[in-house]
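In: Quick one: sequence and predicted model below, then my questions.
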Amino acid sequence: MDPFLDIIRLLRPRAALLGRGMDAAGDWGLNFPALGDLLFCWIEDGTCQLIRPGCDPLSLEKGDFVLLRTTLSFTLTSNREVEPLDSVAAVAAKQEGRLKLGSGQERPISLHMGKFLFSTANEDLLTGLLPPIVHIPSRSPKLHRLHNLLTLMESEGRDPGPASEFIIVRLVELALVEILRMPASGLPEQTVDPASSGLLAGLRDPVAAKAIRAMHENVGREWTVESLARLCGVSRSAFATRFRAIVGIGPISYLLRWRMALAKEALKSGTARMEEIAFSIGYKSASAFSTAFTRAVGCSPSRFTESSSRFP
(Lines give C-alpha, C1' and ligand atoms only; values in the text may rest on other atoms or scores of the structure.)
Protein backbone atom coordinates (compact mmCIF):
# COMPACT_ATOMS: atom_id res chain seq x y z
CA MET A 1 0.00 0.00 0.00
CA ASP A 2 1.37 3.39 -1.03
CA PRO A 3 -0.20 6.23 1.03
CA PHE A 4 1.05 8.84 -1.44
CA LEU A 5 -0.68 7.05 -4.32
CA ASP A 6 -3.82 6.80 -2.17
CA ILE A 7 -3.82 10.59 -1.79
CA ILE A 8 -3.24 11.21 -5.52
CA ARG A 9 -6.10 8.86 -6.42
CA LEU A 10 -8.48 10.71 -4.12
CA LEU A 11 -7.35 14.16 -5.25
CA ARG A 12 -7.45 13.23 -8.96
CA PRO A 13 -5.49 16.35 -10.02
CA ARG A 14 -6.35 17.77 -13.44
CA ALA A 15 -4.61 20.74 -15.04
CA ALA A 16 -6.52 23.40 -16.95
CA LEU A 17 -4.74 26.05 -19.01
CA LEU A 18 -5.92 29.65 -18.60
CA GLY A 19 -6.31 30.55 -22.24
CA ARG A 20 -3.66 29.60 -24.80
CA GLY A 21 -0.82 31.40 -23.08
CA MET A 22 0.30 34.99 -22.87
CA ASP A 23 2.66 37.26 -24.80
CA ALA A 24 3.70 40.61 -23.38
CA ALA A 25 6.26 43.34 -23.93
CA GLY A 26 7.06 46.78 -22.58
CA ASP A 27 5.14 47.71 -19.42
CA TRP A 28 2.47 45.26 -18.32
CA GLY A 29 1.00 43.60 -15.24
CA LEU A 30 -1.56 40.89 -14.48
CA ASN A 31 -3.08 40.43 -11.02
CA PHE A 32 -4.42 37.10 -9.74
CA PRO A 33 -6.97 37.40 -6.89
CA ALA A 34 -6.96 35.28 -3.73
CA LEU A 35 -9.42 32.56 -4.74
CA GLY A 36 -7.80 29.62 -2.96
CA ASP A 37 -6.77 27.98 -6.24
CA LEU A 38 -3.54 26.12 -6.96
CA LEU A 39 -2.10 27.95 -9.97
CA PHE A 40 0.96 27.28 -12.08
CA CYS A 41 3.02 29.51 -14.33
CA TRP A 42 5.70 28.39 -16.74
CA ILE A 43 7.96 30.93 -18.46
CA GLU A 44 8.41 29.93 -22.08
CA ASP A 45 10.67 32.87 -22.94
CA GLY A 46 11.72 36.19 -21.40
CA THR A 47 11.69 37.44 -17.79
CA CYS A 48 9.24 39.01 -15.35
CA GLN A 49 8.62 39.58 -11.66
CA LEU A 50 6.21 37.82 -9.33
CA ILE A 51 4.95 40.17 -6.60
CA ARG A 52 3.25 38.92 -3.42
CA PRO A 53 2.03 41.02 -0.47
CA GLY A 54 4.67 41.22 2.24
CA CYS A 55 7.33 39.37 0.21
CA ASP A 56 10.34 40.40 -1.83
CA PRO A 57 9.79 40.30 -5.62
CA LEU A 58 10.66 36.96 -7.21
CA SER A 59 12.47 37.17 -10.54
CA LEU A 60 11.33 34.61 -13.09
CA GLU A 61 13.21 33.76 -16.26
CA LYS A 62 13.01 31.42 -19.24
CA GLY A 63 12.30 27.83 -18.22
CA ASP A 64 11.19 28.64 -14.64
CA PHE A 65 8.11 26.90 -13.24
CA VAL A 66 6.08 28.28 -10.32
CA LEU A 67 3.33 26.63 -8.31
CA LEU A 68 1.24 28.91 -6.04
CA ARG A 69 -1.62 28.44 -3.63
CA THR A 70 -3.66 31.64 -3.99
CA THR A 71 -4.43 32.15 -0.33
CA LEU A 72 -3.08 35.64 -1.11
CA SER A 73 -3.25 37.56 -4.36
CA PHE A 74 -0.16 37.91 -6.54
CA THR A 75 0.91 39.82 -9.63
CA LEU A 76 3.03 38.94 -12.65
CA THR A 77 4.53 42.11 -14.06
CA SER A 78 7.31 43.76 -15.99
CA ASN A 79 7.90 46.04 -12.99
CA ARG A 80 6.06 46.74 -9.75
CA GLU A 81 5.16 50.33 -10.71
CA VAL A 82 2.68 49.18 -13.38
CA GLU A 83 -1.05 49.12 -12.56
CA PRO A 84 -1.98 45.47 -13.29
CA LEU A 85 -5.03 44.18 -15.13
CA ASP A 86 -7.37 41.69 -13.46
CA SER A 87 -6.48 38.19 -14.71
CA VAL A 88 -10.04 36.81 -14.48
CA ALA A 89 -11.46 39.58 -16.66
CA ALA A 90 -8.51 39.52 -19.08
CA VAL A 91 -8.69 35.77 -19.68
CA ALA A 92 -12.50 35.83 -20.01
CA ALA A 93 -12.30 38.63 -22.60
CA LYS A 94 -9.77 36.68 -24.68
CA GLN A 95 -11.70 33.49 -25.34
CA GLU A 96 -9.47 32.27 -28.18
CA GLY A 97 -5.84 32.74 -29.05
CA ARG A 98 -3.10 34.04 -26.78
CA LEU A 99 -3.51 36.89 -24.32
CA LYS A 100 -1.43 39.91 -25.39
CA LEU A 101 -0.38 42.63 -22.94
CA GLY A 102 2.03 45.55 -22.82
CA SER A 103 2.69 49.02 -24.10
CA GLY A 104 5.84 48.47 -26.15
CA GLN A 105 8.15 46.06 -27.93
CA GLU A 106 11.05 45.80 -25.47
CA ARG A 107 11.52 42.93 -22.95
CA PRO A 108 9.20 40.45 -24.69
CA ILE A 109 7.95 37.49 -22.67
CA SER A 110 5.85 34.41 -23.40
CA LEU A 111 4.34 32.21 -20.70
CA HIS A 112 1.67 29.64 -19.93
CA MET A 113 -0.70 29.88 -16.98
CA GLY A 114 -3.19 27.45 -15.55
CA LYS A 115 -4.70 25.93 -12.46
CA PHE A 116 -5.20 22.50 -10.97
CA LEU A 117 -8.64 21.09 -10.32
CA PHE A 118 -9.21 18.41 -7.72
CA SER A 119 -11.96 16.10 -6.54
CA THR A 120 -14.20 18.42 -4.53
CA ALA A 121 -14.86 15.73 -1.92
CA ASN A 122 -11.29 15.74 -0.65
CA GLU A 123 -9.65 18.91 -1.92
CA ASP A 124 -8.71 19.73 1.68
CA LEU A 125 -6.18 16.87 1.59
CA LEU A 126 -3.94 19.19 -0.42
CA THR A 127 -3.51 21.42 2.64
CA GLY A 128 -0.11 20.74 4.13
CA LEU A 129 1.25 18.94 1.07
CA LEU A 130 2.78 22.08 -0.43
CA PRO A 131 4.28 25.35 0.80
CA PRO A 132 2.50 28.54 -0.40
CA ILE A 133 4.89 28.83 -3.35
CA VAL A 134 7.21 26.40 -5.12
CA HIS A 135 9.66 28.02 -7.54
CA ILE A 136 11.54 25.62 -9.81
CA PRO A 137 14.44 27.56 -11.40
CA SER A 138 15.38 26.45 -14.88
CA ARG A 139 18.99 25.77 -13.86
CA SER A 140 18.45 23.85 -10.61
CA PRO A 141 20.81 20.83 -10.87
CA LYS A 142 18.87 18.60 -8.44
CA LEU A 143 15.63 18.59 -10.42
CA HIS A 144 16.56 16.79 -13.63
CA ARG A 145 13.44 14.58 -13.67
CA LEU A 146 11.17 17.59 -13.36
CA HIS A 147 13.18 19.56 -15.91
CA ASN A 148 12.77 16.72 -18.40
CA LEU A 149 9.01 17.29 -18.17
CA LEU A 150 9.43 21.07 -18.47
CA THR A 151 11.71 20.61 -21.49
CA LEU A 152 8.99 18.57 -23.19
CA MET A 153 6.50 21.34 -22.36
CA GLU A 154 8.83 23.93 -23.84
CA SER A 155 9.28 21.89 -27.01
CA GLU A 156 5.53 21.40 -27.41
CA GLY A 157 4.82 25.09 -26.79
CA ARG A 158 7.50 26.23 -29.24
CA ASP A 159 6.49 23.81 -32.00
CA PRO A 160 2.83 22.89 -31.42
CA GLY A 161 1.23 20.05 -33.31
CA PRO A 162 -2.09 18.19 -33.16
CA ALA A 163 -3.43 17.90 -29.58
CA SER A 164 -0.68 20.17 -28.23
CA GLU A 165 -2.88 21.56 -25.47
CA PHE A 166 -3.77 18.03 -24.35
CA ILE A 167 -0.09 17.06 -24.23
CA ILE A 168 0.95 20.18 -22.31
CA VAL A 169 -1.83 19.64 -19.75
CA ARG A 170 -0.79 16.02 -19.15
CA LEU A 171 2.85 17.08 -18.74
CA VAL A 172 1.83 19.74 -16.20
CA GLU A 173 -0.13 17.12 -14.23
CA LEU A 174 2.93 14.87 -14.15
CA ALA A 175 5.02 17.87 -13.02
CA LEU A 176 2.68 18.37 -10.04
CA VAL A 177 2.99 14.74 -8.98
CA GLU A 178 6.77 14.94 -9.33
CA ILE A 179 6.85 18.07 -7.14
CA LEU A 180 4.59 16.48 -4.51
CA ARG A 181 6.66 13.33 -4.18
CA MET A 182 9.98 15.16 -4.26
CA PRO A 183 12.00 15.06 -1.01
CA ALA A 184 12.09 18.47 0.65
CA SER A 185 15.86 18.57 0.10
CA GLY A 186 15.23 18.56 -3.64
CA LEU A 187 13.29 21.81 -3.64
CA PRO A 188 14.99 25.20 -3.71
CA GLU A 189 15.66 26.30 -0.14
CA GLN A 190 13.55 29.45 -0.26
CA THR A 191 10.38 27.48 -0.99
CA VAL A 192 10.52 25.15 2.01
CA ASP A 193 9.78 25.93 5.64
CA PRO A 194 12.17 23.71 7.63
CA ALA A 195 9.54 23.41 10.34
CA SER A 196 6.83 22.30 7.93
CA SER A 197 4.89 19.18 8.78
CA GLY A 198 2.31 17.04 7.07
CA LEU A 199 1.79 13.78 5.25
CA LEU A 200 4.80 14.12 2.97
CA ALA A 201 7.05 14.86 5.94
CA GLY A 202 5.60 11.79 7.65
CA LEU A 203 6.30 9.58 4.66
CA ARG A 204 9.96 10.63 4.80
CA ASP A 205 10.31 9.60 8.45
CA PRO A 206 10.88 5.85 8.97
CA VAL A 207 8.77 5.61 12.14
CA ALA A 208 5.84 7.78 11.06
CA ALA A 209 5.87 6.23 7.58
CA LYS A 210 5.55 2.71 8.97
CA ALA A 211 2.51 3.74 11.01
CA ILE A 212 0.90 5.62 8.10
CA ARG A 213 1.36 2.67 5.74
CA ALA A 214 -0.17 0.32 8.32
CA MET A 215 -3.22 2.55 8.77
CA HIS A 216 -3.72 2.79 5.01
CA GLU A 217 -3.33 -0.96 4.54
CA ASN A 218 -5.90 -1.79 7.23
CA VAL A 219 -8.00 1.31 7.79
CA GLY A 220 -10.78 -0.70 9.46
CA ARG A 221 -8.60 -2.10 12.24
CA GLU A 222 -9.08 -0.79 15.78
CA TRP A 223 -5.75 0.96 15.90
CA THR A 224 -4.51 2.54 19.10
CA VAL A 225 -1.45 4.67 19.79
CA GLU A 226 -0.04 1.73 21.73
CA SER A 227 -0.54 -0.82 18.93
CA LEU A 228 0.99 1.53 16.36
CA ALA A 229 3.95 2.25 18.64
CA ARG A 230 4.49 -1.48 19.14
CA LEU A 231 4.40 -2.01 15.38
CA CYS A 232 7.04 0.71 14.93
CA GLY A 233 9.24 -0.66 17.71
CA VAL A 234 9.24 2.45 19.90
CA SER A 235 7.63 3.46 23.18
CA ARG A 236 4.09 4.81 23.21
CA SER A 237 5.07 8.29 24.40
CA ALA A 238 8.04 8.58 22.01
CA PHE A 239 5.89 7.46 19.07
CA ALA A 240 3.02 9.86 19.85
CA THR A 241 5.39 12.81 20.29
CA ARG A 242 7.36 12.03 17.14
CA PHE A 243 4.29 11.43 14.97
CA ARG A 244 2.61 14.68 16.04
CA ALA A 245 5.79 16.71 15.58
CA ILE A 246 6.35 15.38 12.05
CA VAL A 247 2.83 14.94 10.67
CA GLY A 248 1.24 17.86 12.51
CA ILE A 249 -1.54 15.85 14.17
CA GLY A 250 -1.67 12.77 16.38
CA PRO A 251 -1.81 9.25 14.87
CA ILE A 252 -5.45 8.62 15.80
CA SER A 253 -6.45 12.03 14.44
CA TYR A 254 -4.67 11.11 11.21
CA LEU A 255 -6.54 7.81 11.10
CA LEU A 256 -9.85 9.61 11.57
CA ARG A 257 -8.99 12.10 8.82
CA TRP A 258 -8.11 9.29 6.40
CA ARG A 259 -11.28 7.36 7.26
CA MET A 260 -13.38 10.45 6.58
CA ALA A 261 -11.57 11.05 3.29
CA LEU A 262 -12.41 7.52 2.14
CA ALA A 263 -15.98 7.92 3.36
CA LYS A 264 -16.48 11.19 1.47
CA GLU A 265 -15.19 9.62 -1.72
CA ALA A 266 -17.49 6.61 -1.31
CA LEU A 267 -20.51 8.79 -0.52
CA LYS A 268 -19.80 11.03 -3.48
CA SER A 269 -19.49 8.11 -5.89
CA GLY A 270 -22.64 6.45 -4.55
CA THR A 271 -21.21 2.96 -5.08
CA ALA A 272 -21.86 1.58 -1.58
CA ARG A 273 -24.54 1.67 1.10
CA MET A 274 -23.83 3.55 4.31
CA GLU A 275 -23.53 0.30 6.29
CA GLU A 276 -20.89 -0.97 3.87
CA ILE A 277 -18.92 2.26 4.11
CA ALA A 278 -19.12 2.19 7.90
CA PHE A 279 -17.82 -1.39 8.21
CA SER A 280 -15.08 -0.87 5.61
CA ILE A 281 -13.48 1.97 7.58
CA GLY A 282 -13.78 0.54 11.07
CA TYR A 283 -17.21 1.45 12.44
CA LYS A 284 -19.48 -1.24 13.87
CA SER A 285 -22.73 0.38 12.78
CA ALA A 286 -24.08 2.96 10.38
CA SER A 287 -25.23 5.11 13.28
CA ALA A 288 -21.74 5.15 14.85
CA PHE A 289 -20.30 6.11 11.47
CA SER A 290 -22.93 8.83 10.96
CA THR A 291 -22.17 10.37 14.35
CA ALA A 292 -18.40 10.36 13.70
CA PHE A 293 -18.83 11.73 10.18
CA THR A 294 -21.11 14.56 11.32
CA ARG A 295 -18.68 15.53 14.08
CA ALA A 296 -15.67 15.48 11.73
CA VAL A 297 -17.15 16.94 8.54
CA GLY A 298 -19.84 19.24 9.94
CA CYS A 299 -22.83 17.64 8.22
CA SER A 300 -24.49 14.23 8.10
CA PRO A 301 -23.50 11.64 5.46
CA SER A 302 -26.88 12.06 3.74
CA ARG A 303 -26.50 15.84 3.63
CA PHE A 304 -22.96 15.48 2.28
CA THR A 305 -24.19 13.10 -0.44
CA GLU A 306 -26.95 15.52 -1.38
CA SER A 307 -24.59 18.50 -1.63
CA SER A 308 -22.02 16.48 -3.59
CA SER A 309 -24.64 15.60 -6.20
CA ARG A 310 -25.26 19.32 -6.75
CA PHE A 311 -21.56 20.20 -6.95
CA PRO A 312 -19.66 17.38 -8.70
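Out: Cool, the structure landed. Everything numeric here is computed off the predicted structure, so don't read it as measured data. Numbering: from 1, shown residues only.
In: Could you check stretch 237-251 and say which residues are buried?
Out: Phe239, Ala240, Arg242, Phe243, Arg244, Ile246, Val247, Gly248, Ile249, Pro251 (16 or more other C-beta atoms under 10 Å). Placement of C-beta: from N, CA and C, glycine included.
In: Show me where the stretch 101-250 of the chain dips below the pLDDT cut-off.
Out: 127-128, 141-142, 183-197 (pLDDT under 70).
In: Show me where it has its strands.
Out: 109-117, 133-136 (DSSP state E, counting those that start in this stretch).
In: Nearest to Ile167 among these would be which one?
Out: Distance to Ile167, taken as C-beta to C-beta, is lowest for strand 109-117 among the strands of the stretch 101-250 of the chain, at 12.3 Å.
In: who does the closest one touch, helix- and strand-wise?
Out: Contacts defined by 3 or more C-beta pairs under 8 Å, 6 or more residues apart in numbering; DSSP states H and E place strand 109-117 against strand 14-17, strand 22-24, strand 38-45, strand 47-51, helix 144-158, helix 164-181.
In: Counting by contacts, list what the longest one packs against.
Out: Counting contacts by 3+ C-beta pairs under 8 Å, 6+ apart, the secondary-structure elements packed against helix 164-181 are helix 3-11, strand 14-17, strand 38-45, strand 65-69, strand 109-117, helix 144-158.
In: Could you check how far it is from the centre of its chain?
Out: Remark: helix 164-181 is offset 12 Å from the chain centroid, using C-alpha atoms, centre = their mean, to the nearest Å.
In: got the contact list for it?
Out: For helix 164-181, contacts defined as C-beta atoms under 8 Å, 6 or more residues apart in numbering pick out 4, 8, 13-17, 20, 40, 42, 65, 67, 112, 114, 116, 129-130, 134, 136, 145-146, 149-150, 152-153, 156-157, 187, 200.
In: separation between Arg9 and Leu171?
Out: Using C-beta to C-beta, to the nearest Å, one gets 20 Å for the distance from Arg9 to Leu171.
In: Show me which of the two is the more surrounded one.
Out: Leu171 (21 against 12; other C-beta atoms under 10 Å).
In: Tell me which two in the buried residues of stretch 237-251 are the farthest apart.
Out: Among the buried residues of stretch 237-251, Phe239 and Gly248 lie farthest apart (C-beta to C-beta), at 15.2 Å.
In: Report the central residue of this structure.
Out: Nearest residue to the geometric centre of the chain (C-alpha atoms, centre = their mean): Leu126, 5.0 Å.
In: Enumerate every residue touching it.
Out: Leu126 is in contact with Leu11, Leu38, Phe118, counting by C-beta under 8 Å, 6+ apart.
In: Over to Leu35?
Out: Per C-beta under 8 Å, 6+ apart, neighbours of Leu35: Thr70.
In: Val172: neighbouring residues, count only.
Out: If you count neighbours by other C-beta under 10 Å, Val172 ends up with 25.
In: Arg98 versus that one, what's the distance?
Out: In terms of C-beta to C-beta, Val172 sits 17 Å off from Arg98.
In: before we move on, what about Gly248?
Out: From Gly248 to Arg98 the distance is 41 Å (C-beta to C-beta).
In: likewise Arg244?
Out: With distances taken as C-beta to C-beta, Arg244 is found 49 Å from Arg98.
In: same check, this time on Glu165
Out: Per C-beta to C-beta, Glu165 is found 12 Å from Arg98.
In: okay, and the common contacts of these two?
Out: Taking C-beta under 8 Å, 6+ apart as the criterion, Glu165 and Arg98 both touch Arg20.
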